[in-house]
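Peer 1: sequence and predicted structure are below.
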Amino acid sequence: MGVDPGLSRCGVGVIEGSVARPTVVRAGVIRTDVAAPVAQRLAVLYDELTQVIARDTPDAIAVERVFFNANVRTAMSVGQAAGVVLLCAAQAGVPITEYTPTQVKSSVAGYGSADKAQVAYMVRALLRLTEAPKPADTADALALALCHLQQGVMASTAVQAAVGTGPTRVPRTAPRTVPRSKS
């Protein structure tokens, strides 16, 4: 499951399958009322994310790492939303991994400075969708899930090469990937 944290719109994307054939289970945004107090909006985000996690039972959650933003107000609200995502994952016992925007763009589009349109195009192509997911928060969440799926395969392959074992011996610190899993 990938989550693009935001207080007004929080992108959520759940995929399953292998790197070669990922498919979308769920994609969309959780919206909160911009006129409501922040605490109430965070509670709505918490409730909605908790429901998605309970319904889709992801094996892992990938979230965009919060980074400094020139707009302090935006950075604060994104940080608050990311905190809710971390809390929901921890309470559900689901491992969570944070990725920088550059890591996600590199993994999905092959270029760390790719723009949103390029990322959305690659998400559409990799998931064999008829059109790019909208709004951009949805495409970003799916990109996070794809990035995590790809990173897990690379980590698993590297560990197998290092210790000479089959696909079942992956250390606890590496992202877990299982065929037909949900990320």
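Peer 2: Everything's here; your move. Numbers count the residues shown, from 1 in each chain.
Peer 1: next, count neighbours for K134.
Peer 2: 12 (other CB atoms under 10 Å). For glycine as for every other residue, the C-beta is placed from the backbone atoms N, C-alpha and C.
Peer 1: how much space separates it from V38?
Peer 2: Noted for K134: a distance of 26 Å to V38, by CB to CB, to the nearest Å.
Peer 1: quick one: the helices in the chain?
Peer 2: 38-56, 72-92, 101-109, 116-126, 136-163 (DSSP state H).
Peer 1: of all the ones you listed, which one is nearest G13?
Peer 2: G13 lies closest, by CB to CB, to one member of the helices of the chain: helix 136-163, at 3.6 Å.
Peer 1: hang on, the earlier thing: please identify which of the helices of the chain is closest to G17.
Peer 2: That would be helix 136-163 among those, by CB to CB, at 8.2 Å.
Peer 1: mean pLDDT lowest for which of the helices of the chain?
Peer 2: Sorting these by mean pLDDT places helix 136-163 lowest, at a mean of 76.
Peer 1: now the closest residue to R41 other than its chain neighbours: how far from V72?
Peer 2: Spatial nearest neighbour of R41, excluding adjacent residues (CB to CB, 6 or more residues apart in numbering): T32 at 3.8 Å. T32 sits 19 Å away from V72, going by CB to CB.
Peer 1: more neighbours: which of the two?
Peer 2: Remark: of T32 and V72, T32 carries more neighbours, 21 against 9, as counted by other CB under 10 Å.
Peer 1: list the residues that contact that one.
Peer 2: L7, S8, C10, R41, V44, L45 (CB atoms under 8 Å, 6 or more residues apart in numbering).
Peer 1: separate out the buried members of the residues you listed.
Peer 2: Neighbour counting over those (16 or more other CB atoms under 10 Å) leaves L7, S8, C10, R41, V44, L45 as the buried ones.
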